[in-house]
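Student: Please work out how this folds:
(one chain, ligands or ions: 1)
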Amino acid sequence: MSDDQVTTGLGTSSRRALLTGAGAVGAAVVLAACGDDSGDEATAEGGGQPLAKTTDIPVGGGKIFADQKVVVTQPNPGQFKAFSAICTHQDCTVSRIEGGVIVCLCHDSRFSIADGSVKKPPAKRPLPAKEIKVTGDQISLA
Ligand code: FES
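Tutor: Model (predicted):
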């Protein structure tokens, strides 16, 4: 046995394994791109948010804005209305607009494009009106 060998309770081969394994520690430093907490925009309820151009809304029909949960209709030329796109029956988002009614395909409720009233159950309550603002040819949430 040489002078630099130390007698420990681990024995010679166990000591070598411990020294070799120690070299791998700390070789990689990962700088994770921490999320920037300043990005909390878009939490407002959409006030003033542009929705569409008036020409996007067909007369006698409308358009569903699922992300904003709003339906915009044009029952008569130049008359724009807006309603919640959430069906008052069981909270599905309404599916389409056809034949002057807003249709929820979950259970086939239908609502008037003019006032949101129920045209066909099972929904019992009208779609609540939403406020919009028409400025020139731009429609936005009020
Ligand atoms: S959720 Fe719309 S008809 Fe039932």
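Student: what residues are up against G61?
Tutor: T73, Q74, I97, E98, G100, I113 (C-beta atoms under 8 Å, 6 or more residues apart in numbering). Yep, even glycine has a C-beta here, placed from its N, CA and C like the rest.
Student: Among the residues you listed, list the two that are farthest apart in space.
Tutor: Q74 and E98 (14.2 Å; C-beta to C-beta).
Student: Compare neighbour counts for these two and give me the winner.
Tutor: Q74 (21 against 12; other C-beta atoms under 10 Å).
Student: V72 reaches K81, doesn't it?
Tutor: Yes - taking C-beta atoms under 8 Å as the definition, V72 is a contact partner of K81 at 7.2 Å.
Student: Are there residues contacting both of the two? Which ones?
Tutor: What both V72 and K81 touch, as defined by C-beta under 8 Å, 6+ apart, is the set G62, I132.
Student: between those two, who's got more neighbours?
Tutor: The neighbour comparison of V72 against K81 (other C-beta under 10 Å) goes to V72, with 27 against 20.
Student: where's the nearest residue to R96 once chain neighbours are set aside relative to the ligand, distance?
Tutor: Leaving aside its chain neighbours, R96 sits nearest to V103 (5.1 Å; criterion: C-beta to C-beta, 6 or more residues apart in numbering). Noted for V103: a distance of 9 Å to the ligand, by C-beta to the nearest ligand atom, to the nearest Å.
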